[in-house]
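Peer 1: Just a sequence and a predicted model for now, questions to come.
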Amino acid sequence: MSQNAKLKVEPTTSGPKAATTKPFGMKDKLGYLFGDFGNDFFFILVAAFLMVYYTDVYGLNPAFVGTLFLIARLWDAVADVSWGRFIDTRRAGKNGKFRPWIFRMSFPLVITGVLMFVHIPGMSTGFYEAYAFVTYILWGTLYSTVNIPYGSMASVITSDPVERTSLSSFRTLGGNLAGLIINVVGPMILFVNNKADANHFLLGAIIFGVLSIACYMACYKLSVERIAMDETEKPKVKLGQTIKGLGKNKPLLWILIASLTFMVCFMLIGTVNVYLFKDYFGNAKALSMVGLIQSVAVFVGMPLIKPLVAKFGKKEVASAGILLAAVVYGALYFLPNLSANQFIGILSIAMFGYGIFNLVVWAFVTDVIDYHEYLTGLREDGTVYSIYSFARKVGQAIAGGLGGYAIAAVGYNATLKSQSQSTLDGIHTLGTLVPFIVLIVIFLILVFLYPLNKVKTQQLAIDLAEKRNSQK
């Protein structure tokens, strides 16, 4: 490990700042929960309902929307890395290195989010295409300025691997609380007589925007950054040095691939489910029940995560959850004649499975940030997290493009009162068989290629602590 970087770890129980730095505890977990609570008020709204808003309110071709999502997410991926690199070049202030950016950028982010759902009646298709393009890409760019510092912050709140799993679980809980509100209440607000309503979409965006700002402020107030680079001896890091270190970080590379693949699956499910329930089952409001059960599955799984991870390890628990979800989606493919309620009942088991994965996945990121420091001697939380976010954005790009193209490919036509049987069958396949295949791929990556099992993760924490102490 390089000796050119010195870290100042602000301990929670001893050391020069022990008197002024509060120990890690429930306030930090709640603060971190509120961060993703705020993020996902708009992220889930966009992921679940923006495509149907564009196709049914703006009247845009789903293939065009898919192209827009693809371009925007690829741009966002670049914005993530650029912003992460920018933050790593900033000095920490009295409120930390990452928290101030959440405070500064959340307001323009939310305002732009509301603007996405403004509909001016009677305009041309070209106008709606241009308006969607500008507002969606601007929103995605501003999302990076809040989400990158938020995600990077986990690695400086605590250095304990098990407590980081708690942060990951609380983050997922925050996202699921937002999902509970949007997926359950959202369809009741957004749809009128089983159709997307422009005024109701705008009302929903304003309500969720206000709630989002409140959550960001709670995140800023409640969380504390404890681990910081010693700025007086901070080395000048060249980009090439960072890239070389990232290339050697096998845990990072494989979790990037797994996360990218998962995002493709998760976003595709979110896109297709709207059409699956609106058209295949003829009941858009059933999406409320899907959202409710998805959140309940996470609430059930959350208290199990910490003891399961302590006993078996992150990799092992996440792999089991993904396999369970895959098996359920495979079974649903062979059951095409279920009612909406029967489908949701079986689907709830899959939601529990990938909910377990989601509860653990953010703790993987803190581990690979530590591994990067162990390999290179460089503490680059923002850069490493932004690379991880880059992979997820690429996954979103692929899923956004695939979702639009796939819906178009099965023959969906928003002008028809009802879709053809072949289109409905195609939507069912997209919502069942495709997730089965993708989830199996993720399971194989985690089991056979991701190297940080329970024993290796525990040893990494010990080795890194020893190296930090040797540099003091």
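Peer 2: Sure, I can see it.
Peer 1: pretty sure Gly382 is touching Phe98, no?
Peer 2: Yes: assessed by Cβ atoms under 8 Å, Gly382 is found in contact with Phe98 at 7.4 Å. All C-beta spots, glycine's among them, are computed from the backbone N, C-alpha and C.
Peer 1: Identify the contacts common to these two.
Peer 2: Listed as contacting both Gly382 and Phe98 by Cβ atoms under 8 Å, 6 or more residues apart in numbering are Ile87, Pro149, Ser152.
Peer 1: Apart from its chain neighbours, what residue comes closest to the most centrally placed residue in the chain?
Peer 2: What sits nearest the mean C-alpha location of the chain, by Cα atoms, centre = their mean, is Arg392, with 7.4 Å. Spatial nearest neighbour of Arg392, chain neighbours left out: Met263 (4.8 Å); criterion: Cβ to Cβ, 6 or more residues apart in numbering.
Peer 1: Likewise for Arg99?
Peer 2: Here the residue nearest Arg99, using Cβ to Cβ, 6+ apart, is Tyr220, at 5.5 Å.
Peer 1: Over to Pro100?
Peer 2: Gly93 (6.1 Å).
Peer 1: Sketch out the low-pLDDT regions of this protein for me.
Peer 2: The chain contains residues with pLDDT under 70 at 1-21, 228-242, 245, 393, 396-397, 399-401, 471-472.
Peer 1: Can you show me the helices along the stretch 151-300 of the chain?
Peer 2: 161-180, 186-190, 198-222, 239-248, 250-275, 286-312 (DSSP state H, counting those that start in this stretch).
Peer 1: Identify whichever of these lies nearest to Thr67.
Peer 2: helix 250-275 (14.0 Å; Cβ to Cβ).
Peer 1: Point out the other helices and strands that that closest one packs with.
Peer 2: Secondary-structure packing of helix 250-275 (3 or more Cβ pairs under 8 Å, 6 or more residues apart in numbering; DSSP states H and E): helix 26-56, helix 286-312, helix 340-376, helix 381-409, helix 421-448.
Peer 1: how about the third one: buried residues?
Peer 2: The neighbour-count check on helix 340-376 (16 or more other Cβ atoms under 10 Å) flags 340, 343-344, 347-373, 375-376 as buried.
Peer 1: go on, the shortest one?
Peer 2: Residues of helix 286-312 classed as buried by neighbour count (16+ other Cβ under 10 Å): 286-298, 301-302, 305, 308-309.
Peer 1: list the contacts for Thr261?
Peer 2: Gly395, Val438, Val441, Ile442, Ile445.
Peer 1: can I get these in TSV with distance to Thr112?
Peer 2: Output for those, formatted as TSV (distance: Cβ to Cβ, whole Å):
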residue	distance to Thr112
Gly395	22
Val438	31
Val441	34
Ile442	32
Ile445	35
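Peer 1: Looking at those, spot the one nearest Ile257.
Peer 2: Looking across the contacts of Thr261 and measuring by Cβ to Cβ, the closest to Ile257 is Ile445, at 6.0 Å.
Peer 1: Neighbours of that closest one, how many?
Peer 2: When neighbours are counted by other Cβ atoms under 10 Å, Ile445 registers 19.
Peer 1: Leaving out chain neighbours, which residue sits closest to it?
Peer 2: Ala258 (4.6 Å).
Peer 1: Distance check, that neighbour against Ala284.
Peer 2: Using Cβ to Cβ, to the nearest Å, Ala258 is found at 32 Å from Ala284.
Peer 1: More neighbours: which of these two?
Peer 2: Per other Cβ under 10 Å, whichever of Ala258 and Ala284 has more neighbours is Ala258, with 26 against 20.
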